[in-house]
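1. Have a look at this prediction, sequence included:
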Amino acid sequence: MNGFGPGKVGWRWGVAFCRVLRRFVVPCLLAGVVLRHATSAAAPPTPVPPAEAWPVESVLQAARGDLRVAALPPIAFNLEQETFANEPIADLGTPGPADSRADKKPYGSNAPLSLGAFWAPATPVVGQPATLSMNAEFARIGVPLVMPQEGEPLWLGIAKFGRLELATDAVLPESGERVPSQLWLVETGVTHIRPQDDGGTLGGTFLFGTASDRPYAAARDLTLMAVAFWQTPAANDRDDWSFSVFYSPTSQLPYPLPGVAYVWKPDDTLEAKIGLPGGIEYRPDEEWEFSLSYFPLVNVVAVARRHLSEQASLFATYRTDTQIYFLADRLIDDDRLYVFDQRAAVGLERRLAGGFSVESAVSYLFDRTLFQGTSFTSGRRDVIDFDPGLALTVQLLWRR
């Protein structure tokens, strides 16, 4: 299989999967939720007291790139997909407890600091007498640049680091070059969040750095990520409208992408983002959490979490993962190296002292491929497929 390339098995699987989501899974989930709420008496919105100060939770929400989805996959270095696909943009800049959801535990591993490592043992390379293994280290931190104050704009500094190693003797079949052994991502930037008088939020994120086998080797290897967003209350003062624009040259669609979504929040158990990016988050009780999100082109994340106690929880997740880099010696400036797979994982989160927690997970990686090209969907060259296999992840997080 060559991933999601036109005419390839992976592409047909991806299209079929998206059709199933669109035609069956999402409608059934939404229908069940609508029926549940239609059969119960509508209650007036609960008044919320004004915020006294920016709580730590709001700072953490803005500091992370994937608020409510557990920090999988282990080599998810590229904040662009994480920020735009998995972050509920409407919640990103909420200054204080703006609704009754504010006192709920966040999805995933809501942390301004995360450190982790990933290892996938060697599996055979298709069509070559070689194997390929992967290992990685990654780190992310987000901190306020000024002391947060009630009703005042918030500035956050963000830094990201990642190193992905591809240990293999395989060669790129058309160019004859060896597969690069080390791929790096180094990014720094800022997030600005400005509360509005109507309770909405205006802001954006900008990151600048390098994603290459030789960091900062040339100006053409530099990359950026920019997101602008505006969240405004809907007419019913319960839901929200979310508008956004996203751009990054190291994304599956490397041109400006608008986002429009209606954020439906019928009660404390449900939030559905209807539009693009789309998603749904559902907490039927204190023990279970479910979420599903989608961002073009083939970025899908599904998570189920079961809280065993205040200190431990189990989770299961499915997602696609794409890592995109500029090779320093490429002959075409617009060429990119894509490393793609799909993965299903199960894991355990354990809370430690001092606000720290540790996550460990076992993943099954499949539909694994890497290739060069100017586009994710067409014109692929130097395609290398490698067999499915297991992977291990360990991640340390600090919440406050």
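-> All right, it came through fine. Numbers count the residues shown, from 1 in each chain.

2. remind me which residues of the stretch 101-250 of the chain are low pLDDT?
-> 101-111 (pLDDT under 70).

3. What segments of it are strands?
-> 113-124, 131-144, 154-168, 182-195, 201-212, 222-233, 240-247 (DSSP state E, counting those that start in this stretch).

4. Can you get me a residue count around residue 147?
-> The local packing of residue 147 (other CB atoms under 10 Å) involves 9 other residues. In short, each C-beta sits where N, CA and C put it, glycine included.

5. How about residue 332?
-> Neighbour count for residue 332, taken as other CB under 10 Å: 10.

6. all helices of the chain, in order?
-> Under the criterion DSSP state H, the chain contains helices at 9-20, 26-38, 56-63, 79-81, 89-92.

7. Any chance of CSV for the strands of the stretch 101-250 of the chain, columns distance to residue 253 and mean neighbour count?
-> Below are the strands of the stretch 101-250 of the chain laid out as CSV (distance: least, CB to CB, whole Å; neighbours: other CB atoms under 10 Å):
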stretch, distance to residue 253, mean neighbour count
strand 113-124, 26, 18
strand 131-144, 23, 19
strand 154-168, 21, 19
strand 182-195, 19, 20
strand 201-212, 16, 21
strand 222-233, 13, 20
strand 240-247, 9, 21
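
8. And residue 357, how far from residue 349?
-> To residue 349, residue 357 is 6 Å away according to CB to CB, to the nearest Å.

9. ugh, wrong one, I meant residue 281
-> 17 Å.

10. ditto for residue 361
-> According to CB to CB, residue 361 stands 9 Å off from residue 349.

11. Residue 381 reaches residue 174, doesn't it?
-> Yes: in this structure, residue 381 is within contact of residue 174 by CB atoms under 8 Å, at 5.1 Å.

12. joint contacts of those two?
-> Shared contacts of residue 381 and residue 174 (CB atoms under 8 Å, 6 or more residues apart in numbering): none.

13. could I get the strands of the stretch 101-250 of the chain as CSV with distance to residue 324?
-> Output for the strands of the stretch 101-250 of the chain, formatted as CSV (distance: least, CB to CB, whole Å):
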stretch, distance to residue 324
strand 113-124, 17
strand 131-144, 15
strand 154-168, 11
strand 182-195, 10
strand 201-212, 7
strand 222-233, 9
strand 240-247, 14
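
14. Nearest to residue 389, out of the ones you listed?
-> strand 113-124 (4.1 Å; CB to CB).

15. Output that closest one in PDB with nothing but the alpha carbons.
-> C-alpha atoms of strand 113-124 as PDB (Å, rounded to 0.1, in the frame of the first residue of the first chain):
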ATOM      1  CA  LEU A 113       5.000  21.000  29.600                       C
ATOM      2  CA  SER A 114       5.400  17.600  28.100                       C
ATOM      3  CA  LEU A 115       8.400  15.400  27.500                       C
ATOM      4  CA  GLY A 116       8.300  12.000  25.800                       C
ATOM      5  CA  ALA A 117       9.900   9.200  23.800                       C
ATOM      6  CA  PHE A 118       8.700   6.700  21.200                       C
ATOM      7  CA  TRP A 119      10.100   3.500  19.900                       C
ATOM      8  CA  ALA A 120       8.900   1.200  17.100                       C
ATOM      9  CA  PRO A 121      11.100  -1.900  16.400                       C
ATOM     10  CA  ALA A 122      12.300  -2.900  13.000                       C
ATOM     11  CA  THR A 123       9.800  -4.200  10.400                       C
ATOM     12  CA  PRO A 124      10.500  -5.300   6.800                       C
END
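
16. shaky segments in the stretch 251-400 of the chain?
-> 399-400.

17. And the strands in it, which stretches?
-> 257-267, 270-276, 278-282, 288-295, 299-307, 312-325, 336-351, 356-373, 381-386, 389-398.

18. Residue 122 is nearest to which of those?
-> Closest of the strands of the stretch 251-400 of the chain to residue 122 is strand 389-398, at 8.0 Å (criterion: CB to CB).

19. Tell me which other helices or strands the closest one touches.
-> strand 113-124, strand 336-351, strand 356-373 (3 or more CB pairs under 8 Å, 6 or more residues apart in numbering; DSSP states H and E).

20. Which among the ones you listed is found nearest to residue 167?
-> strand 113-124 (7.2 Å).

21. quick one: contacts for residue 189?
-> Residue 189 neighbours (CB under 8 Å, 6+ apart): 157-159, 205-209, 225.

22. I meant residue 255, not that one.
-> residue 247.

23. And it, how close does it get to residue 375?
-> 11 Å.

24. and the closest residue in space to residue 383 that isn't next to it in sequence, bridged to which residues?
-> Setting aside the residues directly before and after it, residue 383 is nearest to residue 371 in space (CB to CB, 6 or more residues apart in numbering), at 4.3 Å. Taking DSSP bridges as the rule, residue 371 bridges to residue 338.

25. Cross-check the contact I'm expecting between residue 371 and residue 381.
-> Yes: if you go by CB under 8 Å, residue 371 and residue 381 touch, sitting 6.7 Å apart.

26. Could you check which of these two has the larger neighbour count?
-> Neighbour count, other CB under 10 Å: between residue 371 and residue 381, residue 371 has more, with 23 against 14.

27. how near is that one to residue 379?
-> In terms of CB to CB, residue 371 sits 10 Å off from residue 379.
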